[in-house]
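Enquirer: any chance you could fold what I've pasted below:
(2 chains, ligands or ions: 2)
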Amino acid sequence: MVRGSRLDQVLVCSGLRKAFGELQAVDEVSFSIARGETYGLLGPNGAGKTTSISMVAGLLRPDAGEVTVLGRRLTPTAAAAKSAVGLVPQEVAIYPDLSARENLRFFGRLQGLDRRELDTRTDEVLALIGLTDRAGDRADTFSGGMKRRLNIGIGLLHRPELLILDEPTVGVDPQSRNAILESVEDLATDGLAVLYTTHYMEEAERLCDRIAIVDKGRIVAEGTRRELIATIGEHDLVRLEIDGDVQAAVEQLRGLSELGSVEVEDDHIVCLLAGAARRLPALLGAVAEVGAVTTGVEVREPDLEDVFLHLTGAALRD
Amino acid sequence: MVTAWTIARTEVTRLLRDRTNLFFVFVFPLLLVLVIGAQFGGGGQVQVGIVAPDGDTMAQELIATVDATDGVETVTVPDAVTLREDVARGRVSAGLVVPAGYEQSVVEVEPVEVSFIGRPDATGGSLRSVVAAAIAQQATPGRAALLVAEAEVDAELPALRAAAVERRGQAVGVDVVARTLGTDELSEEFAGLGQFDLGASTQLFLFTFLTSLSGGAALIQLRQLGIAHRMLASPTSMPAIVGGLVGGRLLVALVQAAYIIAATLLLFQVDWGAPSATIPVVVLFSVVSAAAGVVIGSVLRNDSQAAGVGIGVGLGFAALGGSMVPLELFPDALQVVSRFTPHAWANQAMAEIVRRDGGVVEVLPQLGALAAFAVVLTVVAVVSLQRSLSR
Ligand SMILES: Nc1ncnc2c1ncn2[C@@H]1O[C@H](COP(=O)(O)OP(=O)(O)O)[C@@H](O)[C@H]1O
Ligand SMILES: [Mg+2]
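Expert: Numbering: from 1, shown residues only, chains lettered A, B, ... in the order given. Ligands and ions are numbered 1, 2, ... in the order given. Okay, here's the model as predicted:
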């Protein structure tokens, strides 16, 4: 993890707000990303991730707040600041009827690359995303994974200082997904600042130096994985599978002291508590008191999924 | 500027890659020019070109008789040479040259020849009969008078009839000399298709407009695919992006229009009139079409919707604007309504240019109307596109 002074920050967002009619899609979002750092926005669908990065990339004008990239204010008309940003949209934003090379050259021109840069960078990026052999083929003949790679390649073409990836693995087979995650890891080691949004906890845990947990337009927690998990406290997670009145059991459990939280998740009861091994008999007793039978028990360390559940009372994935 | 050109050019590349597009943009219009031309022969009526002396009442009577025939219409042509060329090129289906002093010859029952020029096809043959019948009407009284004058005054009817039969072959009074143009005189093998002159321009407007409107779906696709966002995230300015996208649609329209002109010129030897008049009409119409397509692509949100609206509006405007049935055949009320379509102005302009050899000055009113359409629609297109991109 790299955390430097404000001067080392590639991206600084402060107080971003955006509403669509009644809906406050992004509400006071502030964060910053340093050189070589990968920063994750982790949240469920509709949390406001895409809206946030649309403002960071200069696609949307925020209602309030500001974005600076390398100390320069980024707005929809700020060409210099925008040149420092590479956006990989959530959709596969490539021309299906153009070849991989033509797609790269097209967006390279829009980035203002001159002819020579365009030639060398196109070849470099094709090699980087493993599409050199298919460079002349139309993008609509590519597999989902290849399209995703091209999508990322276009974002990298003009050597941005900040790469924004919006859920780049959605709808991708596991193998391609792994390849994408590996290439993102490599990018960060090359000193690129990466802003990565996802609703997959494992991706955030694996890739991101720091993670912001986003829900309903707000950052509800921010930090390293360890810091985030620590927000739950020195707790273990106990998962009870029961046969009987789940609601009654939950009520009963909530009556116990020292329980961090008690939630229902897929018919299971999930409790956070310190010293689980010692407290387990009390939990089982509480369940038995309402006439239910415990059919399974699992005790483990909490993960980001649990942090999200703890903070928002809802599951990350539906 | 460079980026706007990149964006615009890419739209043309994409058009040329799509096979269904290729058919509808390049093949289908020519097929329709062929079919419609064959059916209507450039207009609802068969046209007979006439060269006749001024102030000759007998000639006027003859023309009126021909003109009164169902489905036949006469048009005045300045001289016999032009007439021959017009017949050969298919601008008219046949021609009639009435010589000077026609009236006097008819009245004084002196031999005089009217020339008929036709093409070697069925229409030529039937027009010849129409003309011959009309002339016979004028010739008969003279022949009868001659017979009466030369025969014995108290001759019986059977004897008079026998005398008339005897003289049937002699050159007395008016006669028709028919001349059918040979294949060498018909300019090349497709010259018989010269009747496509007007069909070609009406189809050009129909298809350029239609393609532009359904092409609006391409803009929706750019937004749906996220390509529009990617463009906006680049340092390329909004005006350059909007300029490129609108320019791209215009380039597509111009490519199609130029192609239809070139292809019909080569294949059917269609007369497109004076380039200095035709080019402004076609370019302004293309601007109108492209802008209308951009408006549809900006206002609507999904591309099947855009395709539906595009085809509906595209065909509706074409029908109202005289690209399916000639404007001349419209009832008055409909002619007024048709002025709200760019097609009507463009079709009128081309009729002026091709049928009456009009130049740019003769079509200034139509050019003005098209320019007004172009300006208004382009402003609406730019504003709505910009709004749709920053949504
Ligand atoms: N252009 C828009 N107009 C109206 N509502 C929008 C628009 N874009 C996003 N939203 C809404 O804002 C909320 C956040 O959306 P988004 O930023 O796409 O979430 P995420 O990327 O985290 O899934 C959602 O409720 C979404 O429906
Ligand atoms: Mg999103």
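
Enquirer: how about the strands in the stretch 1-150 of chain A?
Expert: Assigned by DSSP state E, counting those that start in this stretch, the stretch 1-150 of chain A shows strands spanning A:9-20, A:23-34, A:38-42, A:64-69, A:72-73, A:85-88.

Enquirer: what residues are up against the nearest residue to A:Ile269 once chain neighbours are set aside?
Expert: In this structure, A:Ile269 finds its nearest non-sequential neighbour in A:Leu240, 4.5 Å apart by Cβ to Cβ, 6 or more residues apart in numbering or on different chains. No exception for glycine: its C-beta is placed from N, CA and C like everyone else's. Contact analysis of A:Leu240 by Cβ atoms under 8 Å, 6 or more residues apart in numbering or on different chains lists A:249, A:268-271, A:283, A:287, A:294, A:296-297.

Enquirer: was I right about B:Met350 contacting B:Ala257?
Expert: No: using Cβ atoms under 8 Å, B:Met350 is not in contact with B:Ala257, being 12.0 Å away.

Enquirer: circling back to that earlier point, confirm the residue nearest to A:Ile269 sits in a helix?
Expert: No: A:Leu240 is assigned strand when assessed by DSSP: H, G, I helix; E, B strand; the rest coil, not a helix.

Enquirer: shouldn't B:Val131 be in contact with B:Leu96?
Expert: Yes: B:Val131 lies in contact with B:Leu96 (Cβ under 8 Å); the separation is 5.8 Å.

Enquirer: what do those two both touch?
Expert: Common neighbours of B:Val131 and B:Leu96 (Cβ under 8 Å, 6+ apart) are B:48, B:66, B:114, B:116.

Enquirer: tally of neighbours for the third one?
Expert: If I follow you right, that is B:Val114. By the criterion of other Cβ atoms under 10 Å in any protein chain shown, B:Val114 has 24 neighbours.

Enquirer: what residues are up against it?
Expert: B:62, B:96-99, B:102, B:131, B:135, B:174-177.

Enquirer: a strand runs through it, doesn't it?
Expert: Yes: B:Val114: assigned to a strand according to three-state DSSP.

Enquirer: need the pLDDT of it.
Expert: Per-residue pLDDT puts B:Val114 at 87.

Enquirer: repeat for A:Ser257
Expert: 69.

Enquirer: just B:Leu193 next, same as before
Expert: The per-residue pLDDT of B:Leu193 was computed as 40.

Enquirer: one more: the one 3 residues further on?
Expert: As predicted, B:Phe196 sits at a pLDDT of 66.

Enquirer: where do the strands of the stretch 51-200 of chain B begin and end?
Expert: With strands called from DSSP E, counting those that start in this stretch, the stretch 51-200 of chain B shows them at B:72-76, B:94-97, B:112-118, B:174-180.

Enquirer: those strands: which one's closest to A:Gly108?
Expert: strand B:72-76 (59.2 Å; Cβ to Cβ).

Enquirer: and that closest one, what does it pack against?
Expert: Where contact means 3 or more Cβ pairs under 8 Å, 6 or more residues apart in numbering or on different chains; DSSP states H and E, strand B:72-76 is packed against strand B:46-51, helix B:57-67.

Enquirer: which one of these is the most hemmed in?
Expert: Greatest average neighbour count among the helices and strands packed on strand B:72-76 goes to strand B:46-51 (a mean of 23), per mean count of other Cβ atoms under 10 Å in any protein chain shown.

Enquirer: dump the C-alpha coordinates for that strand into PDB.
Expert: What follows is strand B:46-51, C-alpha atoms only, in PDB (Å, rounded to 0.1, in the frame of the first residue of the first chain):
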ATOM      1  CA  VAL B  46     -46.900   8.700 -71.900                       C
ATOM      2  CA  GLN B  47     -45.400  11.900 -73.300                       C
ATOM      3  CA  VAL B  48     -45.400  12.900 -77.000                       C
ATOM      4  CA  GLY B  49     -43.000  15.600 -77.900                       C
ATOM      5  CA  ILE B  50     -44.400  18.100 -80.500                       C
ATOM      6  CA  VAL B  51     -42.700  20.500 -82.900                       C
END
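
Enquirer: now what about that strand, what contacts it?
Expert: With Cβ under 8 Å, 6+ apart as the criterion, strand B:46-51 contacts B:63, B:66, B:71-80, B:83, B:86-87, B:91-98, B:123, B:127, B:131.

Enquirer: returning to that earlier point: reformat the helices and strands packed on strand B:72-76 as a markdown table; add mean pLDDT.
Expert: Formatted as a markdown table, these follow (pLDDT from 0 to 100):
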| stretch | mean pLDDT |
| --- | --- |
| strand B:46-51 | 88 |
| helix B:57-67 | 89 |
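
Enquirer: so where is chain B shaky, pLDDT-wise?
Expert: B:36-45, B:89, B:122, B:151-154, B:168-174, B:181-198 (pLDDT under 70).

Enquirer: spell out which parts of chain A neighbour chain B.
Expert: Counting by Cβ under 8 Å from any Cβ of the partner chain, the residues of chain A close to chain B are A:54, A:57-61, A:76-77, A:79-80, A:82-83, A:85, A:87, A:89-98, A:102, A:106-107, A:109-112, A:138, A:154.

Enquirer: near ligand 1, list only the ones from the residues you listed.
Expert: The subset of the residues of chain A next to chain B within reach of ligand 1, by Cβ under 6 Å from any ligand atom, is empty.

Enquirer: type out the ChimeraX command that picks the buried ones from those.
Expert: Buried subset of the residues of chain A next to chain B, written as a ChimeraX selection, criterion 16 or more other Cβ atoms under 10 Å in any protein chain shown:
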select /A:54,57,58,59,60,76,82,83,85,87,89,90,91,92,93,94,95,96,97,98,102,106,107,109,110,111,112,138,154
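
Enquirer: show me what counts as buried in stretch B:324-339.
Expert: Result for stretch B:324-339 [16+ other Cβ under 10 Å]: buried residues B:326-327, B:330, B:338.

Enquirer: looking at the residues you listed, which is nearest A:Tyr39?
Expert: B:Ser338 (61.4 Å).

Enquirer: now do the contacts for that closest one.
Expert: B:320-322, B:327, B:330, B:344.

Enquirer: dump those to TSV, plus secondary structure and distance to ligand 1.
Expert: Formatted as TSV, the contacts of B:Ser338 follow (DSSP: H, G, I helix; E, B strand; the rest coil; distance: Cβ to the nearest ligand atom, whole Å):
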residue	secondary structure	distance to ligand 1
B:Leu320	helix	37
B:Gly321	coil	37
B:Gly322	coil	42
B:Leu327	helix	45
B:Phe330	coil	45
B:Ala344	helix	40
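
Enquirer: which one of those residues is nearest to B:Leu222?
Expert: Nearest to B:Leu222 among these: B:Gly321, at 29.2 Å, using Cβ to Cβ.

Enquirer: and the closest one, its phi and psi?
Expert: Main-chain dihedrals, B:Gly321, degrees, to the nearest 10: phi -90, psi 10.

Enquirer: and it, how far from A:His235?
Expert: As judged by Cβ to Cβ, to the nearest Å, B:Gly321 and A:His235 stand 75 Å apart.
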